[in-house]
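Q: this one's structure only:
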């Protein structure tokens, strides 16, 4: 055995590179190459999550002031009041619609930017799903009543954006949609608690329904809230929930987490012909990226 180990380096090298020896060398190289690739993947993932969060948060900041205007009582000018109540209401409604249309323009602009930069539809859907969830939280927590017309504007936008890019964004507004639907129906005193919780507002908690019912007052049409019997039953249910350690909060929370994984992205990617895509100027001017240029 010792004599064999003292053989010439050349023969030892040849025996190593032949047969299983060559296979092991390839395995070793693959293992060594694995770690830079893994590190690059981690860095790319962190970069993607950061860019995604910036896009989402910038859009939130852009529409937040507009949402605030959408839930305020519209101001009417003195001249429109002189001309009559109906005209002043029409002017106020136009002002509200203008704010909602500004929100739609922001959504549309971000959609066009992401499409023109070949952002995968999967990620576009995630952005707008979280944005609509944010809108749902802001409107529901505001106790605003001037939102019905705005919801129609957002529904129209989702339809025009198509399901490929809007995804389930419209479903994220289910809390405010059900709350508004409950507020505008007539004959609320005739509705039973079962009808309200099972048919009209199945996603709203009993705390949320109680808050809406007790704070509701329609000074425009003079309609009433639910019956005192329903209110009493709601109180009983809330007491039971508090005894069972169920959350008593009626407010919604905004979720700012990253709603996808690397595997989700890998499965959603489509083949893209990069010859049809012009690299950004910063890359074109950097000699290190010359291989990307035609």
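A: Arrived safely. Note that the coordinates shown come from a computational prediction; the quantities given were computed from them, not determined experimentally.

Q: use CA for all of it now, contacts and neighbours both
A: OK.

Q: which parts of the stretch 1-150 of the chain are helices?
A: Chain-ordered helices for the stretch 1-150 of the chain, with DSSP state H, counting those that start in this stretch as the definition, fall at 2-5, 9-17, 20-70, 78-83, 85-116, 121-142, 148-166.

Q: list the buried residues for the last one?
A: In this case it means helix 148-166. Residues of helix 148-166 classed as buried under the neighbour-count rule (16 or more other CA atoms under 10 Å) are 150, 151, 153, 154, 157, 158, 161, 165, 166.

Q: farthest pair within the residues you listed?
A: By the measure CA to CA, the buried residues of helix 148-166 have their two most distant members at 150 and 165, which lie 20.3 Å apart.

Q: and residue 271, how far from residue 120?
A: Taking CA to CA, to the nearest Å as the measure, residue 271 falls 10 Å from residue 120.

Q: who has more neighbours, those two?
A: More neighbours sit around residue 120 than around the other of residue 271 and residue 120, counting by other CA atoms under 10 Å; the figures are 16 against 5.

Q: residues near residue 265, how many?
A: When neighbours are counted by other CA under 10 Å, residue 265 registers 14.

Q: so who does it touch?
A: Taking CA atoms under 8 Å, 6 or more residues apart in numbering as the contact definition, residue 265 lies against 122, 123.

Q: how far away is it from residue 277?
A: Between residue 265 and residue 277 the distance, using CA to CA, works out to 20 Å.

Q: equivalent analysis for residue 148, please.
A: Residue 148 sits at a distance of 42 Å from residue 277 (criterion: CA to CA).

Q: residue 121 too?
A: Separation of residue 121 from residue 277 (CA to CA): 17 Å.

Q: so which of these two has more stuff around it?
A: Here residue 121 and residue 277 are set side by side on neighbour count (other CA under 10 Å), and the busier one is residue 121, at 20 against 13.

Q: list the contacts of the more buried one.
A: 164, 165.

Q: and the pLDDT at it?
A: Note on residue 121: pLDDT of 93.

Q: quick check: the gap between it and residue 115.
A: Separation of residue 121 from residue 115 (CA to CA): 8 Å.

Q: cool, and residue 261?
A: Relative to residue 115, residue 261 is positioned 21 Å away (CA to CA).

Q: ok, residue 41 next?
A: Note on residue 41: its distance to residue 115, by CA to CA, is 24 Å.

Q: again, but for residue 236
A: Summarising the geometry, the distance separating residue 236 from residue 115, computed by CA to CA, is 51 Å.

Q: these two: which is more packed in?
A: Of the pair residue 236 and residue 115, residue 115 is the one with more neighbours under other CA under 10 Å, namely 14 against 11.

Q: can you pull the pLDDT of the more buried one?
A: Note on residue 115: pLDDT of 94.

Q: and it, how far is that from residue 59?
A: 16 Å.

Q: need the contact list for residue 175.
A: Under the criterion of CA under 8 Å, 6+ apart, the contact partners of residue 175 comprise 136, 140, 203, 204.

Q: and the most centrally placed residue in the chain, what does it touch?
A: Averaging the C-alpha coordinates of the chain gives a centre point, and the residue nearest to it by CA atoms, centre = their mean is residue 130 (1.0 Å). Shown here is residue 130, whose contacts under the criterion CA under 8 Å, 6+ apart are 56, 169, 172, 255, 256.
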